[in-house]
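Engineer: Turn this into a model:
(2 chains, ligands or ions: 3)
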Amino acid sequence: MTRTGEVWRSEIAIVGGGILGSVLAGFLAEAGRQVTLIDSGETGGSTANAGSLHVQMQSRFMRLYPEHVPGMERQLPLYPRAVRFWREFERELGADFDLKVNGGLMVAESPDQLEFLKRKADRERELGLSVDILDRTDLDRLAPYLGPAVIGAEICHDEGKLNPLKCNRAIRDWLQRLGVTLLEGVRALSLEQNGAAYSGFTLHFPDGERLHAEKLVLAAGAGTGALAATLGLNLPTRAEPLHMNITEATAPMIGHLVQHADRMITLKQFSTGQIVIGGGWPADLRGPRAHPTVRLDSLTANTTLALHIAPSIAPLRVIRTWAGVNTSVDGKGVLGPSSRVPGLYYAVPGDAGYTLGPLSARLVADMMLNGDAGEDLDDYSPRRFTA
Amino acid sequence: MDAPLQTFTYNGQTVTARRGESLAAALTAAGIRTFRTTAKGAERGIFCGMGVCQDCLVEVDGKPNQRACMTKVNGPLVVSQEAHARPLPPAEANPSPRQAPAVERPDVLIIGAGPAGIAAAIEARRAGASVIVADERAKAGGQYYKQLDVKGSDVAPPDPQHAKGAQLIAEAVALGVEFRHDITIWGAFEGRQYAGSGPSGAVRFEPRAAIIATGAYERPWPVPGWTLPGVMTTGAAQTLWRTARRIPGKRVLIAGNGPLNLQLAAELVSGGCEVVAIAEAAASPSILEAGSLAQMLLSAPDLIRDGLAYQKVARKAGVGMHYKTVVRKIEQEGQALRVTLGPAVAKAGTASEETNYTVDAVCLGYGFEPANELLRGMGVDHAFDPVRRQLVTIRDDGGRTSLPGVYAAGDCTGLGGAKAALAEGAIVGAAAAADLGFGVDPLHLAASRRNLARHRRFQKALWSLYKFGGFDSGLIDSETLICRCEEVKFGDIEDALATDMRMIGAVKRQTRVGMGRCQGRYCGPVLDTLLAGRFGYERHDLSGFAPRVPVRPVAIADLAAEMPS
Ligand SMILES: Cc1cc2nc3c(=O)[nH]c(=O)nc-3n(C[C@H](O)[C@@H](O)[C@H](O)COP(=O)(O)OP(=O)(O)OC[C@H]3O[C@@H](n4cnc5c(N)ncnc54)[C@H](O)[C@@H]3O)c2cc1C
Ligand SMILES: Cc1cc2nc3c(=O)[nH]c(=O)nc-3n(C[C@H](O)[C@H](O)[C@H](O)COP(=O)(O)OP(=O)(O)OC[C@H]3O[C@@H](n4cnc5c(N)ncnc54)[C@H](O)[C@@H]3O)c2cc1C
Ligand code: FES
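Structural biologist: Ligands and ions are numbered 1, 2, ... in the order given. Got it, this is the predicted structure:
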C-alpha cells in the first residue's frame, strides 16, 4: 500500500493502538469487520505500563481524587472480572502472557494505616472482592521479603501481574493474522464528520493523507480529548506522565504485587527475575515532542520507598527507568457510542487501564456489533460529558 | 609504603594480585577468563575493560554483580564467579537511617577526568572558578592518560604517556581543582542537577555550569564468537597493560581500524606477548595518501614519531600485517580461540580469501562511539556525521551546547582523539569560566585554538588514511548475538522486521534488544544503522534507543535517599 497523497477507506477506523484499541480491533475483525488501526507510536500507557493487574482500590487514587471514590466503588466489580478476562484472552490467543494471580498486598506501617485498610477491606468485601487482613506473623510466612517497618497488610487474592511486553507482542501477531490494517507511526491530526455525499468520517493525517471510515472509534488515551475537540466535542482526558524503574534480575523473591496503604508504590517481580518499581510517581513532558522524561525527585523517592519496604533489594542495581503517559478522566471508563455524533465511539478505560483493557474492548465491541453489551453500562457512557 | 602484593580468593582458590590492580587484571594474570555465566548459561569475561559492557560481573564480598574491571584489589577480597539471577543476601540487620545526599555547588562541574576534562578544569580554575571534576574511576587520566596502578620490581615503569598525564593531573591539583574519584554521574537533569553515586552512596551536584567530558567507548564488531571469553576490545587489552602491566594472553591477535591497534601491538610485544597478526580494515597506506601523511607530519610530528616507533617494534617482532582484512568469526577450540580473517565486505564464496589463526586472546578495535548518554538524556541537540558514522554534539566554538549552562568537550562530542580533546578542553574550560564572569587570558585562548585546529587537521588526515566502509551486516548470520546482555540473536531482529516493524523502540519491546545492563551501548548503533539502511533514512538524535537515566546501573542502596514525606 502506498501512502503519499492517498485516500484510504475502511469500514471501521480506530485511533489509538494501545491495549484497548488493539484488542478492540481484534474483536471487530474476528466478527468479520474490516478495521484500520492507527497509532502515532508515541509513548502511551500500554507500552509503558508495569503489568500490574490491579483489583483492590488503589490508595493513590483514593487520596489524589477523593471525589472519585464513589465512582471507583461502582466500577470495582469490573476489576476481578477484567483479570479473569485476561486469563481467558490468553487462552484464546494461545499465548503466554506470564500471567500470575498470586494476590496483591497493600502494606501498612502504622495502626492508623492498618485501620484504613480494615475499613477498605470491609467495603471491598461487600462489593464482591476476595480480601483479607494479615498480621506480621502471616506476612513472615507469606512475604518474608517485607522489611521490619511493615506491621500488617491487606491481601487481595484476585490481584496479579503479567508481562505487557509479551502481551503486546502476542496481540500484534493476532491482529496481523486477522488482517487488521496497521498504520503505525501515523498521527491523526483532525476528524471530520462527512456531509451529504457520503456517510461516516474523514480522518486527516500529515502530508494531506486521509482515511474515510463508516465508523470511528477514539481509543487514543490522553490524545482522545484533542481529537474529539476537532469534532466540537468535549471529553476532558488528561495526560498524566508517570515513571517506572526496573532492576537487573535476581532469584524469585517477590511473588505478590505489593502496594502501600499510604504511599505511592508498586513493587513486583517479572518472570525474568527483574524487579519493577513504580506506583505513579510523576514524570515531566519535555522538549518539542513533549517526551515523557524521568524526574530526579520521583526516582529518588520511588526507589527509597521500595528499599524501605523490601530492604534486601539494596544491592540490586536499577538498570533503567522510563516514563510514559497515563490517561485520567474522572476515574471511570468512557466506553460506548457518542451521545452527539452517530457512528462515533469512545474506548477509554478507567484507572489501571491496562488491567481493564481487554474486558473494556469486549464491552465496546459488543456495543458496536450488537447495539448493546447485554448489561447496563450507563455508568461509562460518554453522555456525562459533552461527547 | 604498601606491600606490592595482595592475595584474595576466587571461588575459594587463592589468587595473588599486584596491590591496586583491577580484579579483571589479577584474574587474567591467573589465567581465569570466565567471570560470569549468562541467563542461557554462556560464559563471559572482560570485554570493554572500562565499565560499560557489564560482562565482567563477579560477586565481591557478598555483593552481587560487581564489575571486575572497575574493582581494585586493595585488600583481601572474597570473589566468586557470578551467575544469572542469583538469590540476594539477607538485608542488613540495622541499616542506618537514610539521609538526603550532600549537595555540592561549584562554579563548574566537569564530568570525566580524561584529557578533555582535566584541560577544561585547569583553564576554568586558572580563570578563578571553583572546579570539581567527578570521575567514575579511582584515578584521573581518562583513557589516554590512564595511570599505572601497580608497583614492583617486575613492573615496567611508567612511560612518557603516563608521565605526561601525571604532570597534567598534578598541575590541576596544584591549581586547586578538586577531584572526586569513584563517583559515577548516573543522571543529568535539565542542565542543573547532576546525580551520582559513589562509595558512600548518593551524591548531588548543582553547579553554575557543567562540562560533559565523558569520552568514548569502543564500537562493537558483532561477528560470530564476539562474546567468547578472551575476545575483548583493544582498549580493554590496553587497560590491562597500561594500568596493571598485565597481558590478555600469550598469543594474541589484534584486529580493527586505526592506529591504536598498532600501539597496542607494540605495547603487548614489550610485555612479552606473541602478537601473531594485526588485521587492519583499511587499505595499506600507499603513495596516493602522501598528502595525508605530509599533513599529519606537519600537524603532529610527535604522534607520527610514536606511530613509526610502534610500527618498527611490530615489524621486528614479526607481527603479520593484513590490510583490508577483518575478523569474520571466532570459535572456541579447547582453551584457545580460532580466528577467521577475511575481506571487509561480505560476499559469497570468499572462503579461499580467508586466513585462520589460533590464539589465546583476540583484541577488537574498530573505532569508537561517543559516550553522549548524559548529553542526549538532558535533551542536548545532536546531528549525525555520516563520514564518521556517529552522532556529534551541536556546539559553538566555546563548547556551548543547545542547553544553557551545559558545555561538552572531547570524544563524547564525536571522536577527535586525545590531543584534540586536550586542546578543546582548554577552550571549553575557558569559555565556561568566561561566561560565569571570570577573566580569561586571550593570548592563551588563541594558542589553544591554534593547537586545536592543528590536531583537527591531523585527525582528518589520519582518518582519510584509515578510511573503510564500516561494519558489513552481511558478516552476521542469524545465530549471531547482536545484543550481548539479553542474548538477542540477529535472526530475532530479522523476525521482528519481517512483521513490518519499523520503529527501533517497537523492535526493542518485541525482542528485548537493548534492554540489558549495558543499555544498548553496543547493539544500539548496529541496530540503528541497520534500520536506517533498510528504511532509507539517516540516523539522527531520536532514531536510536531513547536515552534514559541511570546511564550506568546503580544499586538501589545508592539511589535511595531520605524517606519522602
Ligand atoms: C578503552 C579505550 C582506550 C583508549 N586508548 C587510547 C590510546 O591509547 N590512545 C589514544 O589516542 N586514544 C585512545 N582512546 C581514545 C580516547 O577516547 C582518547 O581519544 C581520549 O582519552 C579522549 O579524551 P576524553 O577526555 O574525551 O575522554 P576519556 O579519556 O575517555 O575520559 C572520560 C572520562 O570520563 C569518565 N566518565 C564517563 N562517564 C562518566 C560518568 N557518567 N560519571 C563519571 N565519570 C564518567 C570516565 O571514567 C573517563 O575517565 C581510547 C579509548 C578507549 C575507550
Ligand atoms: C508508567 C505507567 C505504568 C502503568 N502501570 C499500570 C499497571 O501496572 N497496571 C495497569 O492496569 N495500568 C497501568 N498503567 C495505566 C495503563 O497503562 C493505561 O491506563 C492503559 O495502557 C491505557 O490504555 P489505552 O489503550 O486506553 O491507551 P494508551 O495505551 O495510552 O494508548 C493510546 C494510544 O493512542 C495513540 N494516540 C494518541 N493520540 C493519537 C493521534 N492523534 N493519532 C494517532 N495515535 C494517537 C498513542 O500513541 C497511544 O499509543 C500505567 C501507566 C503508566 C504510564
Ligand atoms: S569488561 Fe568490565 S564492564 Fe566491560
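
Engineer: Can you name the helix or strand that the residue of the stretch 451-565 of chain B found nearest ligand 1 falls in?
Structural biologist: Distance from ligand 1 to each residue of the stretch 451-565 of chain B (C-beta to the nearest ligand atom) is smallest for residue B:551, at 5.3 Å. Just so you know, the C-beta spots here come from the backbone N, C-alpha and C atoms, and that holds for glycine as well. In this structure, residue B:551 sits in neither a helix nor a strand according to DSSP states H and E.

Engineer: quick one, what contacts residue A:233?
Structural biologist: Residue A:233 is in contact with A:338, A:340, A:341, A:385, A:386, A:387, counting by C-beta atoms under 8 Å, 6 or more residues apart in numbering or on different chains.

Engineer: quick one, what contacts the residue of the stretch 451-565 of chain B closest to ligand 1?
Structural biologist: Under the criterion of C-beta under 8 Å, 6+ apart, the contact list for residue B:551 reads B:185, B:186, B:187, B:373, B:374, B:377, B:519.

Engineer: Next, the distance between the ends of stretch A:102-119.
Structural biologist: In stretch A:102-119, first residue to last residue: 23 Å (C-alpha to C-alpha, to the nearest Å).

Engineer: residues of it that come out buried?
Structural biologist: Applying a neighbour-count criterion of 16 or more other C-beta atoms under 10 Å in any protein chain shown, the buried positions in stretch A:102-119 are A:102, A:103, A:104, A:105, A:106, A:107, A:108, A:109, A:113, A:114, A:116, A:117.

Engineer: next one: stretch B:39-53
Structural biologist: Along stretch B:39-53, the positions that meet the burial threshold by neighbour count (16+ other C-beta under 10 Å) are B:42, B:43, B:44, B:45, B:46, B:47, B:48, B:49, B:50, B:51, B:52, B:53.

Engineer: For ligand 3, tell me which of those residues show up nearby.
Structural biologist: Here is what survives when those are matched to ligand 3 using C-beta under 6 Å from any ligand atom: B:46, B:47, B:48, B:49, B:51, B:52, B:53.

Engineer: From what I see, the last one and residue B:45 are in contact.
Structural biologist: The reference is to residue B:53. No: counting by C-beta atoms under 8 Å, residue B:45 is not a contact partner of residue B:53; they are 10.4 Å apart.

Engineer: At which residues are the helices of chain B located?
Structural biologist: For chain B, applying DSSP state H gives helices covering B:23-29, B:115-126, B:160-175, B:234-244, B:260-270, B:290-299, B:301-316, B:373-378, B:418-435, B:442-465, B:490-497, B:504-511, B:523-535, B:556-559.

Engineer: Please compute how far the fifth one lies from its chain's middle.
Structural biologist: Right, helix B:260-270. Between the centre of helix B:260-270 and the centre of its chain there are 18 Å (C-alpha atoms, centre = their mean, to the nearest Å).

Engineer: State the pLDDT value of the closest residue to residue B:428 other than its chain neighbours.
Structural biologist: Taking C-beta to C-beta, 6 or more residues apart in numbering or on different chains, and ignoring the residues beside it in sequence, residue B:428 has residue B:399 as its nearest neighbour in space, at 3.2 Å. With respect to pLDDT, residue B:399 scores 97.

Engineer: Tell me the spacing between residue B:402 and ligand 1.
Structural biologist: When distances are taken as C-beta to the nearest ligand atom, to the nearest Å, residue B:402 and ligand 1 turn out to be 19 Å apart.

Engineer: and the nearest residue to that residue once chain neighbours are set aside, how many neighbours does it have?
Structural biologist: Once flanking residues are discounted, residue B:402 sits nearest to residue B:381: 4.1 Å by C-beta to C-beta, 6+ apart. For residue B:381, the number of neighbouring residues by other C-beta atoms under 10 Å in any protein chain shown comes to 14.

Engineer: residue contacts, residue B:381?
Structural biologist: If you count contacts by C-beta under 8 Å, 6+ apart, residue B:381 has them with B:393, B:394, B:401, B:402, B:541.

Engineer: Right, I'll call it a day here.
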